[in-house]
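>>> build the 3D model from these lines:
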Amino acid sequence: MNILKSIGAVIAGFVAIFVLSYGTDAVLEAAEILQAGTPLPMRGSEPLIAAILVYRLAYSVAGCYVAARLAPNYPMRHALVLGMLGFVGSIGGAMVAVQQSLGPAWYAWGLVVFALPCAWLGGRLYTNSQSH
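Predicted coordinates:
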């Protein structure tokens, strides 16, 4: 039964990241800050792209916190499993993004570089909250 709870915790963390990220994207598209269905600009919008990177990383921390919070045991392990899935997925996404010029390489590879630190931070925030 714990394996199902573990899988559910990781899935819930993933869903949290997905909903927050794409929800924010939708708000930015509705405000006409981003254009739906178009790649990120390669140059000239560095502050906007950096902001997108920051909120996606913050949402990754939040999602890993959710995974740790819902874990039946070993919360940090659950956060790191989600981080590893994000790391692997981000590598694939970065390779495609760079190959197809879907945005600046630094953005795509930034998601890769920070995937595991964000997972660790999310897990750590949860475990720290339990020690008080």
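
>>> how about the helices in the chain?
2-30, 46-70, 75-99, 105-130 (DSSP state H).

>>> now the residue nearest the centre of the chain: closest residue in space that isn't a chain neighbour?
For the chain, Ser60 is the residue whose C-alpha lies nearest the centre (Cα atoms, centre = their mean; 3.3 Å). Distances taken as Cβ to Cβ, 6 or more residues apart in numbering put Cys118 closest to Ser60, at 4.0 Å, once the chain neighbours are dropped. (Each C-beta comes from the backbone N, C-alpha and C, glycine too.)

>>> my read: the one you found touches Arg56, true?
No. The criterion here is Cβ atoms under 8 Å, and Cys118 misses it with Arg56 at 9.1 Å.

>>> comparing the two, which residue is more hemmed in?
A direct count of neighbours by other Cβ atoms under 10 Å for Cys118 and Arg56 places Cys118 higher, at 27 against 20.
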